[in-house]
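> With the sequence up front, the predicted model follows.
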Amino acid sequence: EEPAELEGYGPIDPETARRLAGTATSFLRVLTHPHTGIVLDVSSTPFRVPAALKKYLRLRDGTCRFPGCNRSAGHSDLDHTIDKQFGGPTTATNLHSLSPAHHNLKHFSDWKATADPDGTVHWTSPAGKHYATDPATRIRPHLQQTETPPPAPSPPDEPLSDPWNTTWNTDGTNPQPF
């Protein structure tokens, strides 16, 4: 709720700062003392979401992930479920699309979000109600070169009979041919 400083321009109001931050392509973290304003630390590299990850998230999410919102992911912000400042990684499992309004709502109200590895986002309202939003498409992210893919399932010991000529038992035993 405090005014911000825009480099090369000067002070700007909080609403303008939030709007600009929501559309920024990168950030440079500057840590200042809360009382004196003296700069204590500046991050060595700007924070930027890789282009390939942005494309993946737009495809996975499809729209804003807030319950009931249908704003296109392409016109939404990317938000860390666990904030970057609190150690949240910039990964597909920790990022999701939020419209600018819902991005602000998440950060400036008591709405809480958690995410599952499959892309489902679980929301808890200030009143304690729970909602879940599913991704538009469930696709696996591309594995990093250091990661190994999961092993392929092993083939069955014996071939299955023709399913059109098989009776399936509900008691857990094997299918029986007619």
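Good, I have the coordinates. Numbers count the residues shown, from 1 in each chain.
> And for the host helix or strand of residue 21, what's in contact with it?
Mapping residue 21 onto the secondary structure by DSSP states H and E places it in helix 14-23. Helix 14-23 is contacted from outside by 1-4, 6, 12, 27, 77, 100, 103-104, using CB atoms under 8 Å, 6 or more residues apart in numbering. Placement of C-beta: from N, CA and C, glycine included.
> And the helices in this structure, which stretches?
Listed in chain order, the helices of the chain (DSSP state H) span 14-23, 51-61, 100-108.
> Make TSV from the contacts of helix 14-23 and add neighbour count to it.
Shown next, in TSV, are these (neighbours: other CB atoms under 10 Å):
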residue	neighbour count
1	6
2	7
3	12
4	14
6	12
12	14
27	12
77	20
100	17
103	20
104	17
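> Pass me the low-pLDDT residue ranges in the chain, would you?
Low-confidence segments of the chain (pLDDT under 70): 25-29, 43-47, 140-178.
> rerun that using 90 as the cut-off
Within the chain, the set of residues satisfying pLDDT under 90 comprises 1-12, 14-53, 83-92, 107-108, 117-118, 137-178.
> Strands along that one, start to end?
Ranges of strands within the chain are 4-6, 10-12, 30-32, 39-42, 77-80, 95-98, 112-115, 121-124, 130-133, 166-167, 176-177, based on DSSP state E.
> hmm, back to that, need the CA coordinates for the helix holding residue 21. CSV is fine.
C-alpha atoms of helix 14-23 as CSV (Å, rounded to 0.1, in the frame of the first residue of the first chain):
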residue,chain,number,x,y,z
PRO,A,14,0.6,1.6,-5.3
GLU,A,15,-2.1,0.7,-7.9
THR,A,16,0.1,1.7,-10.8
ALA,A,17,3.0,-0.2,-9.2
ARG,A,18,0.9,-3.4,-8.9
ARG,A,19,-0.3,-3.1,-12.6
LEU,A,20,3.3,-2.6,-13.8
ALA,A,21,4.6,-5.5,-11.7
GLY,A,22,1.9,-7.8,-13.0
THR,A,23,3.1,-7.2,-16.6
